[in-house]
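1. Build me a model from this:
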Amino acid sequence: MYVPTKIFFTKGVGRHKEYLASFELALRDAGIEICNLVSVSSIFPVGAKIINKTQGLKMLQPGMITHCVMARNATNEPNRLIASSIGVAIPADKNMYGYLSEHHPYGETEKVAGEYAEDLAATMLATTLGIDFDADKNWNEREQVFKMSGKIVRTFNVTQSARGNKNGLWTTVISVAILLP
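-> Reported below is the predicted structural model:
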């Protein structure tokens with residue numbers, strides 16, 4: 001067993017008359033279609049380095065068993081708004097793990113979906129770190145509390161949205177965190 005040392009983020013959209021083919025096209029758009037993806041839960045590994053997508057894609061090999069955290073959504077309803085988002089929260093303490101969250105809503109814009117996923121990851125990390133906060137406050141207010149605590153160093157999201165194809169083709173969106181050795 002290994003603990004991933006690198007992580008990169010990607011996203012994609014696919015459209016096709018077949019549901020599975022639209023997913024394959026989303027994987028191609030994200031650049032990860034050559035991998036055998038294994039979904040894992042949402043822990044950002046201790047000490048993992050974020051690398052850019054170009055660097056990460058160069059490390060992939062056809063057929064490689066590749067661990068990932070994936071948010072995925074699909075529709076064949078014309079013009080239906082869909083999104084997928086990965087939220088990320090990284091602690092200031094380099095000896096502590098962080099969180100990744102997945103969110104896959106209908107009817108939310110890219111901005112709304114991304115903020116929700118980011119908030120979710122940050123809230124999970126904040127509760128682990130014992131940060132005192134008011135869960136009823138909006139994300140912008142809680143984000144300030146989290147960052148001012150000095151315990152959370154960075155939060156962000158990777159989000160993909162799309163409208164369902166006007167002719168009823170399947171539309172699939174994915175947002176993915178790829179974990180590498």
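2. how about residue 79, phi and psi?
-> Recorded main-chain torsions at residue 79 are phi 70, psi 0, according to degrees, to the nearest 10.
3. got it, and residue 166?
-> Note on residue 166: backbone dihedrals following degrees, to the nearest 10 are phi -60, psi -20.
4. Would you mind measuring the gap between the ends of stretch 125-138?
-> Counting by CA to CA, to the nearest Å, you get 17 Å between the two ends of stretch 125-138.
5. Would you mind listing the buried residues in it?
-> Under the neighbour-count criterion of 16 or more other CB atoms under 10 Å, stretch 125-138 has 125-126, 129, 131, 133 buried. No exception for glycine: its C-beta is placed from N, CA and C like everyone else's.
6. next one: it to chain centre, how far?
-> Shown here is stretch 125-138, whose average C-alpha point lies 21 Å from the average C-alpha point of the whole chain (CA atoms, centre = their mean, to the nearest Å).
7. any idea of the mean pLDDT in it?
-> Over the span of stretch 125-138, the pLDDT mean works out to 87.
8. what's the offset of the worst-scoring helix or strand of the chain on mean pLDDT from the middle of its chain?
-> The least trusted helix or strand in the chain, going by mean pLDDT, DSSP states H and E, turns out to be helix 139-148, with a mean of 80. Mean-position distance between helix 139-148 and its chain equals 20 Å (CA atoms, centre = their mean).
9. what sits up against that helix?
-> When contacts are defined by CB atoms under 8 Å, 6 or more residues apart in numbering, helix 139-148 is touched by residues 89, 115-116, 118-119, 122-123, 125-126, 131, 133-135, 137, 152-153, 155.
10. for it, which positions count as buried?
-> By neighbour count, with 16+ other CB under 10 Å as the criterion, the buried positions of helix 139-148 are 139, 142-143, 145-146.
11. rewinding a little: ok, the buried residues of stretch 125-138 vs residue 55, which is closest?
-> Lowest distance from residue 55 to the buried residues of stretch 125-138 (CB to CB) belongs to residue 125, with 25.2 Å.
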